Each structure stands twice: as C-alpha cells, then as structure tokens.
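Engineer: Mind folding the following:
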Amino acid sequence: MDIDTKELQEYVDRMKKVRLLSTPDLDQITDAEGYSKLLLHNFSLIGMMAAENRKVIDQLIKPNLPTDHALSEEVRAKLEEFADLLFDEQTFGEVDVNLSDLITNRLMEEELHITDLEDINEYVISISKKVQKDYLIISGLTRFQTGRVDAYRQNAIQNRDEVGRFLEKEQFRSLNEEARSALIRFSLMAALLFESTETARPTAFWDAPLAYLEEASRILQDSFYRELMPDYDWEAYEFRIYYYGSFLAYSILPESVAKKAHDYAQKAIDFLNTRGREDILANVNIEQEQDLLLLASVQAGYLPAREACDRLFSAYEQRDENDFSVVGLNLNLDTPSSFLRIAKQAALEVTDEDVQRYNTIERSVIDYVRRMPKNSDTYLKCVTLVTNFPTYFRELPGAMTLEEFCLKLFAAIHPPTFIHINMVADLTESLVRHLFDVKPQQFVGFPGCDTPEKVLQSKERISDFAYHAALCHDLGKLFIMDVITMYGRGLLDDEFELIKMHPVIGARIASEHASTREYADIIRGHHLWYDCSRGYPADADTFSSPYKTIIDLVLAADCLDAATDTVGRSYNKGKTFEDYKKEIEEGSGTHYAPFLPELLNDPGVKQDIEYLLSERRMKLYTDTFLLLKNNRIESIKASRNTT
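Structural biologist: Residues are numbered from 1 along each chain as shown. Below you'll find the model as predicted:
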C-alpha cells in the first residue's frame, strides 16, 4: 500500500493534540462541573483520534516493518520522513520517539545490504541519528535501574561503533556533506549513552565514554576534518564535547572519572562565559553547568557535600517560577533534584534549615509542574525530570510524606491517573469494610491478627492500612507517565514491557520510606492474578504475604475502576457494575479471589459500589479541579466519604 504523506502529518498533529486533551490547562475553566465535562468530552475525542492513528500504523507502517521484503525507494523516503516528524533531532522535540526508533531500526535493516555510494550516505545518516534516539530511550530506561538498560546500551554501543568506522579518514572522505555532518554530530552523542547510571560501576566501565570524548577532541584539532567541512559549526562541536562530558556527573562516578567530568563542566562554563553564543545559551545555561560542576566536585573529593548543597539551594532561590523554557526547566527541576541527589547520596545530617529547604522544594516543584503549559516543547522533558524527586526523596519531620508528595505529583502531571488512584482507594476501603461483616477470617494473618476476633478488634487499623496501600498502588507509574499517557495509539511491545515494570519500581521506592514501607507487597502484587498464574511481575508470590487478602481486594478494585471508567480509558467503553460482577464470577479462583463473588452479591456492597462509581467519582472530579486550582491536597482528604 502506498504511504500518503498527508496521513503521516495528520498522525503527528493528532498525537500533539492528544497530549493537550488528556491534561487540559485550567485557565479557561471556571467551575468543577465544567472540568469533568471537559475531560469526558476530551477523552471521547482522544478515542476517535487514537482509532485514526491505529489505522495509520496498521495500514501504512506495520506492513513495511517485516524484513522479509525489500522497501521501495519511495517507501524508504517516506518512512524516513515520518521518523523525522516523530522526533526532531535538532530540538530533541519528542512526538513519538519509540515509534520513530522502531521505523529507524527497520530502515537500518534495509540499508545493511546496500552497496551504492549514495545509499551508503543514507545509511550513515540513519545510523548516526539512531545514536541520538538510543540515548533518549536509555535515558528513559534508567528510571527503572534494571538489566534492560545495560542490554539496550550494549546494542546502542554497537550502533555507534558501526558508525564510528566511517570516521576513519578514507571512509570519511568518501561521504557526502550531509552524511559527514550527521556522523560528526551524532557519533559524539555516544558519550551520553552512559549518563544517569545510578549504581556504582568499575572504573573500566567509563573507558568507552571517555574514549568517545577524546576521539571527538582529536577530530576537533585535526585540520583534515576542518578542511573537508569548512562550513561546519566547529565551535558548537567543541562546546558539545565539554557539555556531554559534564553530563557524566549525573551518574555515580569513581573519583578519577569524576575529576574528568569536573574538568569538562568547567570548560563548558568558561565557553559559555566567553564565546557569546546566544544560539547555544537559548538551550543551555551556565547554571546547569554549575550544577554539574558541583555534582562532579563532590564525587571528585574537591568539595564537601554540605557546601555543594548550600550552593545549589542558593541558585534555586534565584529561579524564575514562570520560566518554562529549557533554561527555566533546569533551574526549577534539575537544580533542586541535584540538591536532593547530593544530600541523599552523602547521607547529610538534616538540620532545621534543611527541613525548610525540603518543604520549599516539594511545594515549589509540584506547583511548577502543575502550571507547566502542556503544549510546551519542554513538557515531556518535565515529565521525565520529575522522576528524580521520588528517587531522591527523603521523609523529614514536618515535611511531606512520600505518599503525600507523589499524590500531588500525580494530580499535577495527569489528573485522570490521580482520580483513578483515589477511586481504587475508596473501592478498596469499601470492600474491606464489608468483608469484615461477611468473612472476617479472610484477614487472619494480618500483622497482629491471628484470630477472627482480633481482626474485628483491628477493623479501623486494617481499613486505614488498606486505604493508604491502595492510594500507593500505582506509585511506580510516576516513572512511566510518558508511556501511560500514550493515548494516541496502541502500545508497542517495548512500551508494554515498561508498563509491566511499574509494580516493581513502585515497591522499590515505597520500601525506602517509613510511611510506605509496609505497602510494598500490595504495590508489587496488585497486577498478579489471585492464583499467581498470570499477571506481573511473574516472580512475585502473593500467597507468602501477610497482606494477601488486601492485595486481592486492591486487584479487584483496580480492575473495577478501570472497567467502568469512561475517562482515561479512551480505547474502551466503560462497563457496568453488573458486567464486572460476571467477570469476577468467571475468574473466581484464578484471576480473582474465590470470596469475591459472594461479597459483590451482598446488597450493601452493591449499594456502596454503585455510589462510588457514580456520585463519588464525579465528586472526585470536583475535588481534583479545586486541588489543581488551589494546589491543596486537603480537598481530596476532606471529601473521603462513602454511603
């Protein structure tokens, strides 16, 4: 089938609209009822747009992805054009970087077998750009700190080494100007493939990125390359060497490597101070490099962690809270996360002043994210940067708990997920309360409850525990909001694998904090079937947990809200409670706990659930609107009622 360029552009336009529709700005909304109606309307539109986008993928893209047939020159050109529309390598503007990468991989497979000189140039351009996409995907995967990062990094390094052979002088001379430019620019980006490594690595791990940076320095100084490319912006290339080298400081570094990252950061600062490049300063500011210099200084042993934190917070106080550019994003999100990173990694003793600083950061970060224009080119970067805050969060007396902070972040980033979390908590609490009346023995084994009598004596404690555990059940989704909000099309296989990671990452983060530690089993197990035969993570065993019954109730509540929701599930029409009861009965003993059919048939349960799915859900829209307008989580807590 021929590929229509117009349809590809329409796909891109729809993807941009979907982001705005799913998290609308509130400036034009005057009341809570209008907010709920707007979301319902918007997600109806999203559903129609997603259907159109799935047609584009199914009819125009997927038929050209298998490698059992060659692509025509015209199809190759249009696929390359589409990949570029989905991701702008000049601005790092992301529309759909994962689909862009999938298409690029297919084009590279095609180009592996070419011999014509012109086609070799195309291959060099494609694989050079691929290094940049590899970096973005690795940067996203580092949020999870899993073996998948290393596996993808190894493939990315192979891509870079493949393109690296064209840097040899005779090979380089044979390329055209466009291929040379892409090769020079993107081969250097390989140094970023090692950025944001959150676990200590041996010094040898850092040999490769340092070698890429040193190779770039040799190219910069070699007259051969300058003579072949007299119009290339070699001054910007010089800055990128320093800039990318300084980015190593975002990782946990050995002292010797930290010293080199420090030197690169200092050279970047000197460059920005002396060269007067306004085009570079529009996207990179001296303050970011000063943050990196401080991160490297601490790891290099040049500066005490306390002094570095003092300097970072002083810089943070100079921020413009209404600057949503790349520069503003750095000062409002990157600088405070660097402060938190150093403080946590150095285990700094907390002072009264620190408590005030943490309070300031937590409140200001949430407010900044809440006000971030959703049509901003930096919005997706903002969504990625906020994952630093749960990662480096510290619970302090007088400051927010992790639960409170994450709830506010959800509300600021994606209100439909925030509403879902609260619905699951309300549904879980209702089911727990009714199960006390029907089968209190189900809770025997809960800590401190070895008999049904002790269960009944602990009803309030168990109910409160279940409610807060359910509020935290999707904590790990903060790390994948860019995937969660991919409403504009179906998920790719790799994206679904990321979705399946959210119980694991959520449980890991919860385990690090006193207020959420006991909820880790529920967070980890809420997507496992009752009998553990299916679901994820596959290696979890909910039967070994003292909270088995609560896990099963959160699973049921999670599925119930998802099944009946008409907002945030644009791809699926909401079911009725009666439809859901049939699903429970059919899955009893396998997907769902065997006590659930009897529980859901209780008249009192039916009455409460139907209230929660109608009036309470609409009340949550009202409360969420007020929260977003006033930035007050208390509005949600105060309205926590059931019939």
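Engineer: Next one: residue 166 relative to residue 176, how far apart?
Structural biologist: 12 Å (Cβ to Cβ, to the nearest Å). Placement of C-beta: from N, CA and C, glycine included.
Engineer: Looking at the two, which is more packed in?
Structural biologist: residue 166 (21 against 14; other Cβ atoms under 10 Å).
Engineer: close enough to count as contact, the more buried one and residue 182?
Structural biologist: No: the pair residue 166 / residue 182 is not scored as a contact, 10.0 Å apart, by Cβ atoms under 8 Å.
Engineer: Grab the nearest non-local neighbour of the residue most central in space within the chain.
Structural biologist: By Cα atoms, centre = their mean, the chain has its centre lying nearest to residue 480, at 3.4 Å. The shortest distance from residue 480 to any non-neighbouring residue, by Cβ to Cβ, 6 or more residues apart in numbering, is to residue 498 (5.4 Å).
Engineer: Let me know the average pLDDT across the helix or strand harbouring that neighbour.
Structural biologist: In the assignment (DSSP states H and E), residue 498 maps to helix 493-499. Averaged over helix 493-499, pLDDT sits at 82.
Engineer: Then stretch 599-608?
Structural biologist: The average pLDDT within stretch 599-608 is 92.
Engineer: which of the residues in it are buried?
Structural biologist: 599-600, 605, 608 (16 or more other Cβ atoms under 10 Å).
Engineer: could you pull out the helices for the stretch 301-450 of the chain?
Structural biologist: 305-316, 326-329, 335-345, 352-371, 379-385, 388-392, 402-413, 415-438 (DSSP state H, counting those that start in this stretch).
Engineer: Out of those, flag the one nearest residue 588.
Structural biologist: When the helices of the stretch 301-450 of the chain are compared by Cβ to Cβ, helix 415-438 sits nearest residue 588, at 14.9 Å.
Engineer: which residue packs closest to residue 178, ignoring adjacent ones?
Structural biologist: Nearest residue to residue 178, sequence neighbours excluded (Cβ to Cβ, 6+ apart): residue 125, at 6.3 Å.
Engineer: Quick check: chain neighbours aside, which residue is closest to residue 524?
Structural biologist: Nearest residue to residue 524 in three dimensions, chain neighbours excluded: residue 507, at 3.8 Å (Cβ to Cβ, 6+ apart).
Engineer: To what extent is the one you found buried, counted in neighbours?
Structural biologist: 25.
Engineer: which strands and helices sit next to the host helix or strand of it?
Structural biologist: Assigned by DSSP H and E, residue 507 belongs to helix 502-511. Judged by 3 or more Cβ pairs under 8 Å, 6 or more residues apart in numbering; DSSP states H and E, the packing partners of helix 502-511 are helix 520-525.
Engineer: Please list the outside residues in contact with the helix it packs on.
Structural biologist: Here helix 520-525 makes contact (Cβ atoms under 8 Å, 6 or more residues apart in numbering) with 469-470, 472-473, 475-476, 503-504, 506-507, 510-511, 537, 540, 542, 545-547, 550-551, 554-555.
Engineer: any idea of the mean pLDDT in the next helix or strand after that helix?
Structural biologist: Using DSSP H and E, the next helix or strand after helix 520-525 towards the C-terminus is helix 548-564. On average, the pLDDT along helix 548-564 is 94.
Engineer: Which helix or strand lies directly C-terminal to helix 548-564?
Structural biologist: Next along from helix 548-564, by DSSP H and E: helix 577-586.
Engineer: That following helix: which residues count as buried?
Structural biologist: Under the neighbour-count criterion of 16+ other Cβ under 10 Å, helix 577-586 has 577, 580-581, 584 buried.
Engineer: picking up where we left off before, and the residue nearest to the centre of the chain, how far is that from residue 527?
Structural biologist: Using Cβ to Cβ, we find residue 480 at a distance of 13 Å from residue 527.
Engineer: same thing with residue 272?
Structural biologist: 47 Å.
Engineer: Please apply the same query to residue 474.
Structural biologist: Counting by Cβ to Cβ - residue 474 and residue 527 are separated by 10 Å.
Engineer: and what of residue 338?
Structural biologist: Computed as Cβ to Cβ, the residue 338 to residue 527 distance reads 33 Å.
Engineer: The two: which is more packed in?
Structural biologist: Set residue 338 next to residue 527 and count neighbours by other Cβ under 10 Å: residue 338 wins out with 28 against 21.
Engineer: that older thread, which neighbours do residue 166 and residue 182 share?
Structural biologist: residue 124.
Engineer: Report how many residues lie close to residue 106.
Structural biologist: Residue 106: 19 neighbours (other Cβ under 10 Å).
Engineer: The one 3 residues further on too?
Structural biologist: Residues near residue 109, counting by other Cβ under 10 Å, number 13.
Engineer: ok so it is a helix residue?
Structural biologist: Yes: Residue 109 sits within a helix when classified using DSSP: H, G, I helix; E, B strand; the rest coil.
Engineer: who are the neighbours in contact with it?
Structural biologist: Residue 109 touches residue 67, counting by Cβ under 8 Å, 6+ apart.
Engineer: can you tell me how far it sits from residue 156?
Structural biologist: For residue 109, the distance to residue 156 - Cβ to Cβ - is 16 Å.
Engineer: try residue 370
Structural biologist: As judged by Cβ to Cβ, residue 370 and residue 156 stand 35 Å apart.
Engineer: Between the two, point out the one with more neighbours.
Structural biologist: For residue 370 versus residue 156, the count of surrounding residues by other Cβ under 10 Å is larger for residue 156: 22 against 17.
Engineer: what about the more buried one, helix or strand, and which?
Structural biologist: helix 147-164.
Engineer: So, low pLDDT: which residues of the stretch 1-150 of the chain?
Structural biologist: Applying pLDDT under 70 to the stretch 1-150 of the chain picks out residues 1, 28, 88-94, 110-118, 139-148.
Engineer: can you do 50?
Structural biologist: 91-92, 114-117 (pLDDT under 50).
Engineer: show me where it has helices.
Structural biologist: 5-22, 32-56, 73-86, 97-111, 117-141, 147-164.
Engineer: May I see those organised as TSV, with distance to residue 322 added?
Structural biologist: TSV is the format used below for the helices of the stretch 1-150 of the chain (distance: least, Cβ to Cβ, whole Å):
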stretch	distance to residue 322
helix 5-22	20
helix 32-56	23
helix 73-86	30
helix 97-111	28
helix 117-141	27
helix 147-164	35
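Engineer: Please name whichever of these is nearest to residue 248.
Structural biologist: Judged by Cβ to Cβ, the one of these that comes nearest to residue 248 is helix 117-141, at 13.1 Å.
Engineer: Which strands and helices lie in contact with that closest one?
Structural biologist: In terms of contacts (3+ Cβ pairs under 8 Å, 6+ apart), helix 117-141 is packed against helix 97-111, helix 147-164, helix 177-188.
Engineer: what's the closest of those to residue 391?
Structural biologist: Per Cβ to Cβ, nearest to residue 391 of these: helix 147-164, 14.4 Å.
Engineer: that older thread, quick one: buried residues of the helix holding residue 498?
Structural biologist: Buried-residue list, helix 493-499, by 16+ other Cβ under 10 Å: 495, 498-499.
Engineer: How about stretch 475-487?
Structural biologist: 475-487.
Engineer: Among the residues you listed, which one sits closest to residue 194?
Structural biologist: residue 479 (20.2 Å).
Engineer: close enough to count as contact, that closest one and residue 505?
Structural biologist: Yes: using Cβ under 8 Å, residue 479 makes contact with residue 505 at a distance of 5.3 Å.
Engineer: Give me the pLDDT value at residue 567.
Structural biologist: On pLDDT, residue 567 comes in at 61.
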